[in-house]
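J.: with the sequence up front, the predicted model follows.
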Amino acid sequence: MLPKGKLPKRDKGHDNIVPEYRCLKVPVSIDHTVNTSILVVTNSSIPSVSDHTKMKEMPRQHFAWALASLFCFLPFGVAAVINSRKVRPLFQEGKYELSSAASRRAKVYSVLSTVIGLLVATIIASLLLIDCRFYEDNTTIVELHNT
């Protein structure tokens, strides 16, 4: 409803009402024989059907990376998969900010899982390499001692 005494602004040269107000024709049936419509003027802050058709671009889900990060460091990999699976439903509900936040969290958890997994793999590989070299050196000494 318009405030009392305030008329909607009109474009010059057009019959359309400018975007700050919207006109909707609502069909009304009287006595089931006469079909007529009434003009409803609404404030532009109320979303219309055309606002929902202007879809934003859906953020990336990072699902493949999240699945791969499961094999690097499981706790962060699980968090990455959960957040990557939240992106599409949140976007479809119109919660664009939450959808992009879930996408960012999925990416962050994937990166953390990958980095931690690579660090752990590097540490384990270096410890195994050091252990093998130590074992080779000790067997040489034992063989020399026995001869």
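T.: That came in fine, so what should we check first?

J.: which residue ranges form the helices in this structure?
T.: 49-53, 63-69, 74-92, 96-146 (DSSP state H).

J.: distance of H62 from R85?
T.: According to C-beta to C-beta, to the nearest Å, H62 stands 11 Å off from R85. Any C-beta I mention is one placed from the backbone N, CA and C, and that applies to glycine too.

J.: circling back: okay, the helices of the chain in a markdown table with mean pLDDT next?
T.: Formatted as a markdown table, the helices of the chain follow (pLDDT from 0 to 100):
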| stretch | mean pLDDT |
| --- | --- |
| helix 49-53 | 48 |
| helix 63-69 | 96 |
| helix 74-92 | 96 |
| helix 96-146 | 86 |
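
J.: and the ones you listed as CSV, adding mean neighbour count?
T.: Listed next are the helices of the chain as CSV, based on neighbours: other C-beta atoms under 10 Å:
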stretch, mean neighbour count
helix 49-53, 8
helix 63-69, 18
helix 74-92, 19
helix 96-146, 14
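
J.: once you drop chain neighbours, what's closest to Y96?
T.: K56 (5.4 Å; C-beta to C-beta, 6 or more residues apart in numbering).

J.: quick check: the one you found vs V78, distance?
T.: On the measure of C-beta to C-beta, K56 and V78 end up 28 Å apart.
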